[in-house]
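1. Sequence first, then the predicted structure:
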Amino acid sequence: MSAAPAPSRSWTVRVRQLAVGALPPEKLLPDGQPSYVSSWIYVFGVLTLTSLVVIIVSGSILALKGPGWWHFTGIGHFFNSIHLWAVELFFAFMVIHLWGKYWMAAWRGGRRRVWVTGAVTFLVAIPCALTGYVSQQNFDAQWISTQAKDAMNSVGIGAFFNLLNFGQMYSYHVLLLPVAVVALVIGHVLLVRKHGVVPPFPVFDRDEASPGQDPVAPEASS
Amino acid sequence: MTRAERRRVDLVSREWHGPYREYDLVKEFCIALGVVLALALVLSILFSSPDERPSTITSWSRAAPVDFVTTATTELDGSSGTGGYGPPYNHASDGQHMWFIHLQKWLGVSHPVNTAEDFVLAPLRSLTGQPAVQAAVTAYQSATAGQRAAWTTAYEKGLAKATVGPGDSVSVPGGGYGPLPTMMAGLLSFAQSGGLDGALLRSRQFYQTDYTKPLLLLADGGLLADRAQAEHLLGSQWGMMNETGSYPGQVWLWLYTFWYQIKPFSTSANADILVMAVMGALSLLFVLVPFLPGIRDIPRWIPIYRLIWREHYRELAPSRR
Amino acid sequence: MAAVFNLNHHATYAHWHFFTMSVSNILVIVAMLVLFVVAIAAPFPHRRAAVEEDR
């Protein structure tokens, strides 16, 4: 391993420099937050994230044993319960997080993509949940699939997304849509790390007597 | 807010130049994970989760044989829900549309279902050791279209006065039904024995995960809808939000199901495409909130943020408050 | 594994004009609203640690 830096024509170096430039380690995992991050409303992002972790872990256990397992064993039914309640918690925490971010106008200061990725995550999570409901292989799945198919068919989606096809729906639910949700969440969190948590609304002096003063930060330095 | 003011607010919001506090993100994540896991475990122990057994064609044909035979007859003459659906199952209608937008028709028939053939005639032809049934099927298929329609129409009228006989059979008052009573008796017996469930599922190949045909047949009958109504799952009951039993359901679908309760959606034959269009537009607006004048300004006009950041504003110099 | 509370019975519904919602769903929504208000209103504990200037 030579000490000489790799030539800049290297794609590896360029990718690394881009990544580290956008998110140096101390920005990716900072050990401090701005002083205004001082409200319980801020914990709903991480609560949503950890709910997603519990959904994925419980879902993975259900996937390990196959889609019929939970109907025939108590332990399988228990993991199905964890999966269902984690979904309820996920949506509840996500919506509260959304309420908080809206009232903070958290898209300010170049953070529009943070809002957009968060909103799209919510919208993708809905069909992810739908494919789960129609994969249950019980009466609920029968009813939801035969009803929701009308909505899909009305806009032509039913031609290639058949809610009555258990195999297809299970594949979407276990792989394709969770991958999409996780990818969006990763993008969302990395953007939050990159831009930082949005500062409070600025307070401007009416007479603009101190143009050099930071209208957001308290007078912590000269 | 003028554009210049907005740009100014945006600029000062880009980066924080003030004080920081120690904040352990990894510890916060671990604590949150513990809290969520504990909540999920407690809720699972306290309430478990619903699992109502699915209906089968077997159970349907035994519990409601008249409804089953009536549905099968409408499949035969194409007057069932699936028979007249249109794409993606058949060309019987153009399906739903909104103005000139006929997406259902444009995407075509991708899952062809011939209700007479798939739900009645093919299963009957697969029966062995029942020469009377085979003869009835042959007689039906040899008849003219007009004759077949006359038989099915008369039979459907007769079924409105049908009674359930011994062995869950169906007795219809006398009439000119042609070979239909024999055919339907054969189909009912096949369904009650469990054969029709399997025949519909495996009509293409042995290994099968596509339940389109058995589900469409079930949904054309009254059993699923009866169960759904009892559980408040019908569209008119805000059913999209509900779960079987007393479990919380899909609360996040409240706005989606809301439109189905009000005119013009509640009385429109194109309700689904209309609601999808409205929700599609609202979803787009939701994603684009930061770009929407007015919507993006509401948090400033209704300053809930002053409560969230009250400590911060208290710490600001008095001259700047 | 049987649940402590059996929810496998017909739900109770609240009606208001054309609006119908199960008590379970209402409880979820109320809990979310309460949680939101409490999250904003409740004081957030933090150590009075040394404040770091402008990172």
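-> All right, it came through fine.
2. how far away is the residue in chain C that chain B sits nearest to from residue B:49?
-> When scored by CB to the nearest CB, chain C has residue C:3 as its residue closest to chain B, at 3.5 Å. For the C-beta atoms, the positions are set from N, CA and C on the backbone; glycine is no exception. Between residue C:3 and residue B:49 the distance is 8 Å, computed by CB to CB, to the nearest Å.
3. and the two? which has more neighbours close in?
-> The neighbour count for residue C:3 versus residue B:49, taken as other CB atoms under 10 Å in any protein chain shown, is higher for residue B:49 (23 against 17).
4. Flag every residue of chain A that's near chain C.
-> A:32, A:35, A:38-44, A:74-75, A:77-78, A:88, A:92, A:95-96, A:99-100, A:220-221 (CB under 8 Å from any CB of the partner chain).
5. Of the residues you listed, which belong to helices?
-> With helices defined by DSSP state H, the entries of the residues of chain A next to chain C inside them are A:43-44, A:74-75, A:77-78, A:88, A:92, A:95-96, A:99-100.
6. Tell me the one among those nearest to residue A:131.
-> Residue A:131 has its nearest neighbour among those in residue A:88, at 16.7 Å by CB to CB.
7. Please, a PyMOL command that selects the buried ones among the residues of chain A next to chain C?
-> Selection of buried members from those for PyMOL, criterion 16 or more other CB atoms under 10 Å in any protein chain shown:
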select buried, chain A and resi 32+35+38+39+40+41+42+43+44+77+78+88+92+95+96+99+100+220
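8. quick one, what contacts residue 41?
-> No chain was given, so I picked chain A. Neighbouring residues of residue A:41 by CB atoms under 8 Å, 6 or more residues apart in numbering or on different chains: A:96, A:100, A:104, B:308, C:36, C:39-40.
9. Wait, chain C was what I had in mind.
-> residue B:307.
10. what does the domain assignment say about chain A?
-> A:40-90, A:105-197 (automatic domain parsing).
11. As CSV, those with mean pLDDT would be great.
-> Formatted as CSV, the domains of chain A follow (pLDDT from 0 to 100):
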stretch, mean pLDDT
domain A:40-90, 97
domain A:105-197, 97
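12. Could you export those as CSV, including distance to residue C:46?
-> Shown next, in CSV, are these (distance: least, CB to CB, whole Å):
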stretch, distance to residue C:46
domain A:40-90, 11
domain A:105-197, 15
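13. Now the residue most central in space within chain A: which helix or strand?
-> Central residue of chain A (CA atoms, centre = their mean): residue A:185, 3.1 Å from the mean position. Counting by DSSP states H and E, the element that carries residue A:185 is helix A:177-195.
14. can you give me how far stretch C:6-14 is from the chain middle?
-> Relative to the centre of its chain, stretch C:6-14 is centred 20 Å away, using CA atoms, centre = their mean, to the nearest Å.
15. How about that stretch and chain A, touching?
-> No: using CB under 8 Å from any CB, stretch C:6-14 never reaches chain A; the gap is at least 10.9 Å.
16. neighbouring contacts of that stretch?
-> The contact list for stretch C:6-14 (CB under 8 Å, 6+ apart) reads B:47-48, B:50, B:52, B:230-232, B:242, B:244-247, C:20-24, C:26.
17. next one: stretch A:118-129
-> A:87, A:90-91, A:94-95, A:97-98, A:101, A:172-173, A:177-178, A:180-181, A:184-185, A:188, B:250, B:252-253, B:283, B:286-287, B:289.
18. switch the cut-off to 7 Å
-> A:87, A:94, A:98, A:101, A:173, A:177-178, A:180-181, A:184-185, A:188, B:250, B:252, B:283, B:286-287 (CB atoms under 7 Å, 6 or more residues apart in numbering or on different chains).
19. Show me which positions of that stretch end up buried.
-> Within stretch A:118-129, the residues that qualify as buried are A:118-122, A:124-129, counting by 16+ other CB under 10 Å.
20. cool, stretch B:54-74 as well?
-> B:54-62, B:64-74.
21. just checking, which of those belong to helices?
-> Counting by DSSP H, those place B:57-62, B:65-74 in helices.
22. any residues touching stretch B:206-222, and which ones?
-> Stretch B:206-222 has contacts (CB under 7 Å, 6+ apart) with A:142, A:145-146, A:162, A:164-167, B:55, B:57, B:60, B:64, B:67-68, B:71, B:75, B:80-82, B:111, B:113, B:118-119, B:197, B:200-203, B:224.
23. next one: stretch B:138-152
-> Identification of contacts with stretch B:138-152 by CB under 7 Å, 6+ apart yields B:73, B:76-77, B:177-180, B:183.
24. Look up how far residue B:126 lies from whatever residue of chain B ends up closest to chain C.
-> For chain B and chain C, the shortest gap (CB to the nearest CB) falls at residue B:48, measuring 3.5 Å. Per CB to CB, residue B:48 is found 41 Å from residue B:126.
25. what about these two, which has more around it?
-> It is residue B:48, of residue B:48 and residue B:126, that has more neighbours when counted by other CB under 10 Å, with 25 against 12.
26. Let me see the ranges of the strands in chain C.
-> For chain C, applying DSSP state E gives strands covering C:13-16, C:19-22.
27. returning to what we had before: sort out for me which of the contacts of stretch B:138-152 are in helices.
-> B:73, B:76-77, B:180, B:183.
28. For stretch C:31-51, buried residues please.
-> Going by neighbour count (16+ other CB under 10 Å), the buried part of stretch C:31-51 is C:32, C:35-36, C:39-40.
29. and residue 22, how many neighbours?
-> Looking at chain A here, since you left the chain open. Residues within reach of residue A:22, counting by other CB under 10 Å, total 13.
30. look at chain C instead
-> Residue C:22 has 25 nearby residues by other CB under 10 Å.
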